[in-house]
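Undergrad: Need a 3D model of the sequence below.
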Amino acid sequence: MRALPTQSTDVETRQFFLQRYLIALFIRPIFVGIVSGTVLLSIGKLLELANDLIVERVSLFASLQIFLLDLPTIVVQALPIAALFSTLLTLRTLNSSGELVALRAAGISYRKICIPFLTIALLLSLSSAWIGDSIVPLTQRRISHVKSYLHTNSLNSSRLHDVFYQASPYTWLFIRSAEPIHKTLQYVSVLQANPGGDPLPVGLQQITLASSAVWDGQNWLLVDGFNHQYDPNGNAIAETHFDRRTLSDVASLQTLLQSELPLNALTRRELEEQIALQRESNLSTLELETEWHHRFAQSWASLFAVAISLPLAIGPLRSKARFATLALAVVLLFFYRFSANLGVSLGKAGVLEPGLAAWSSNLAFGAIAIYLLLRTSKA
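TA: Below you'll find the predicted structure:
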């Protein structure tokens, strides 16, 4: 005989279908909110591109290319907005139809009602983290590459001149000009010294001169150059010509040149490499460390937006209260963005420690969200 379902099994089944129902209600406004938020945030970008199209005479194809490449960045910014308004819309719909009251009368706690919303918000935050570290750096790097071809001034500003770089204790490089975006070097001189030791003193070992160098993805390749070798007394003993030659032990030069790219064009791993290299050179890493922490911190904006809007949306149905709830949620989201940007600026300026600067807004608004959720659940 088939066993009759127990009361606990029946309750779990109802809760499962309840959560599915709430998630289904929440998903549709989320997608609509993402599209609406992206369109809204794209207006400013379109106005900027329209100015370039008319004033700077940038081609329509290039303007569209830049706009499409910038869409992942806009989507990341739109996710918290979509999460906020979708939560308010869904819960207000449940409240106005009396379903929320029915759920509470059936013994469903506010905590169980909030779980589906917080789960979706967590998924949005994880998606934001992935897009921000995997897709956005690639598209922003491509935008820098496109702009370098469109504007001569932009190309010149991205080019480095007279770079002197010590690759190792006995190897030095002098580069007349370097283009980090295109990964090319012009007029490269490499000086190598012997480490010395009894009976030979430290002295010049060889000088390599090349007209250019290119990055093949793993190494720098010197192109069309000469190699001059010297004896311990500094006298030239040999001169050889080469078409291509691998420049060994200078892979970190590529990492150094990447620092000229916009910070949002670097992945977190590349930021870590930059930080390590800057520390070895006794240079300031405040800006890089702040950006690294900010990548993690900004991903949680969707979760905090939902966590704060949940207790605000569960409330009285008076029209004035609805308007006040919406206004308060928008104000809180605005101050979250403002405080996050302010913290990043203070971190890069050295006023605050980079980790604290990037996470301060999350800590503050996280505490507010927890307080409101606990207060609502006890009400």
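Undergrad: Number of residues surrounding the nearest residue to residue 163 once chain neighbours are set aside?
TA: Spatially, and ignoring its direct neighbours in sequence, residue 163 is nearest to residue 175 (4.2 Å; CB to CB, 6 or more residues apart in numbering). Every C-beta, even on glycine, is put in place using the N, C-alpha and C of the backbone. Using other CB atoms under 10 Å, residue 175 is surrounded by 20 other residues.
Undergrad: Which strands or helices does the stretch of helix or strand residue 175 belongs to pack on?
TA: Using DSSP states H and E, residue 175 sits in strand 171-179. On a contact count with 3 or more CB pairs under 8 Å, 6 or more residues apart in numbering; DSSP states H and E, strand 171-179 meets strand 160-168, strand 184-194.
Undergrad: What strands flank that strand, and is each parallel or antiparallel?
TA: strand 160-168 (antiparallel), strand 184-194 (antiparallel) (DSSP bridges).
Undergrad: Give me the distance between that strand and the centre of its chain.
TA: Distance, stretch centre to chain centre, for strand 171-179: 30 Å (CA atoms, centre = their mean, to the nearest Å).
Undergrad: still on that earlier bit, turn the helices and strands packed on strand 171-179 into TSV, including mean pLDDT and mean neighbour count.
TA: Below are the helices and strands packed on strand 171-179 laid out as TSV (pLDDT from 0 to 100; neighbours: other CB atoms under 10 Å):
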stretch	mean pLDDT	mean neighbour count
strand 160-168	73	13
strand 184-194	85	18
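Undergrad: Could you grab the helix/strand/coil label for residue 210?
TA: With DSSP: H, G, I helix; E, B strand; the rest coil as the basis, residue 210 sits in strand.
Undergrad: and it, what is it in contact with?
TA: Residues near residue 210 by CB atoms under 8 Å, 6 or more residues apart in numbering: 187, 188, 190, 222, 223, 224, 225, 245.
Undergrad: In a markdown table, list the residues you listed along with distance to residue 140.
TA: Formatted as a markdown table, the contacts of residue 210 follow (distance: CB to CB, whole Å):
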| residue | distance to residue 140 |
| --- | --- |
| 187 | 29 |
| 188 | 28 |
| 190 | 32 |
| 222 | 30 |
| 223 | 29 |
| 224 | 33 |
| 225 | 34 |
| 245 | 33 |
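Undergrad: how about the helix or strand where residue 222 lies: buried residues?
TA: Per DSSP H and E, residue 222 falls inside strand 220-230. Using 16 or more other CB atoms under 10 Å as the test for burial, strand 220-230 gives 220, 221, 222, 223, 225, 227, 229, 230.
Undergrad: Next: stretch 203-223.
TA: Residues 204-208, 210, 212-213, 215, 219-223 are the ones in stretch 203-223 that count as buried (16+ other CB under 10 Å).
Undergrad: what's the answer for stretch 55-72, then?
TA: Result for stretch 55-72 [16+ other CB under 10 Å]: buried residues 58, 62, 63, 66, 67, 69, 70, 71, 72.
Undergrad: Now do the same contact list for the fourth one.
TA: With contacts defined as CB under 8 Å, 6+ apart, the neighbours of residue 66 are 49, 143, 146, 147.
Undergrad: out of the buried residues of stretch 203-223, who's nearest residue 353?
TA: residue 215 (34.8 Å; CB to CB).
Undergrad: and the closest one, how far is that from residue 185?
TA: Relative to residue 185, residue 215 is positioned 9 Å away (CB to CB, to the nearest Å).
Undergrad: can you tell me which of the helices and strands packed on strand 171-179 comes nearest to residue 24?
TA: Comparing those by CB to CB, strand 184-194 comes nearest, at 53.4 Å.
Undergrad: Put the alpha carbons of the closest one into CSV.
TA: Provided in CSV are the C-alpha atoms of strand 184-194 (Å, rounded to 0.1, in the frame of the first residue of the first chain):
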residue,chain,number,x,y,z
THR,A,184,54.8,47.0,-30.2
LEU,A,185,58.1,48.6,-29.3
GLN,A,186,60.3,50.9,-31.5
TYR,A,187,64.1,51.2,-31.4
VAL,A,188,65.0,48.9,-28.6
SER,A,189,68.4,48.8,-26.9
VAL,A,190,69.4,45.9,-24.6
LEU,A,191,72.4,46.1,-22.4
GLN,A,192,73.7,43.0,-20.7
ALA,A,193,76.5,42.9,-18.1
ASN,A,194,78.4,39.9,-16.8
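Undergrad: could you give the angle of it to strand 220-230?
TA: 40 degrees (axes from the mean of the first three to the mean of the last three CA atoms, to 10 degrees).
Undergrad: Contacts made by strand 184-194 with the rest, please.
TA: By CB under 8 Å, 6+ apart, strand 184-194 touches 170-179, 200, 202-215, 220, 222, 225, 232, 247.
Undergrad: so how far is that strand from its chain's centroid?
TA: Counting by CA atoms, centre = their mean, strand 184-194 comes out at 34 Å from the chain centroid.
Undergrad: Distance from stretch 366-379 to the middle of the chain?
TA: Centre-to-centre, stretch 366-379 and its host chain are 30 Å apart (CA atoms, centre = their mean).
Undergrad: repeat for stretch 210-226
TA: 31 Å.
Undergrad: average pLDDT for that stretch?
TA: For stretch 210-226, the mean per-residue pLDDT is 85.
Undergrad: Okay, now the unreliable bits of this structure?
TA: 1-12, 14, 56, 148-159, 181-182, 196-202, 248-260, 280-283, 315-323, 378-379 (pLDDT under 70).
Undergrad: what packs against the longest helix along it?
TA: Longest helix in the chain by number of residues (criterion: DSSP state H): helix 7-54. Packing partners of helix 7-54 (3+ CB pairs under 8 Å, 6+ apart): helix 60-96, helix 110-130.
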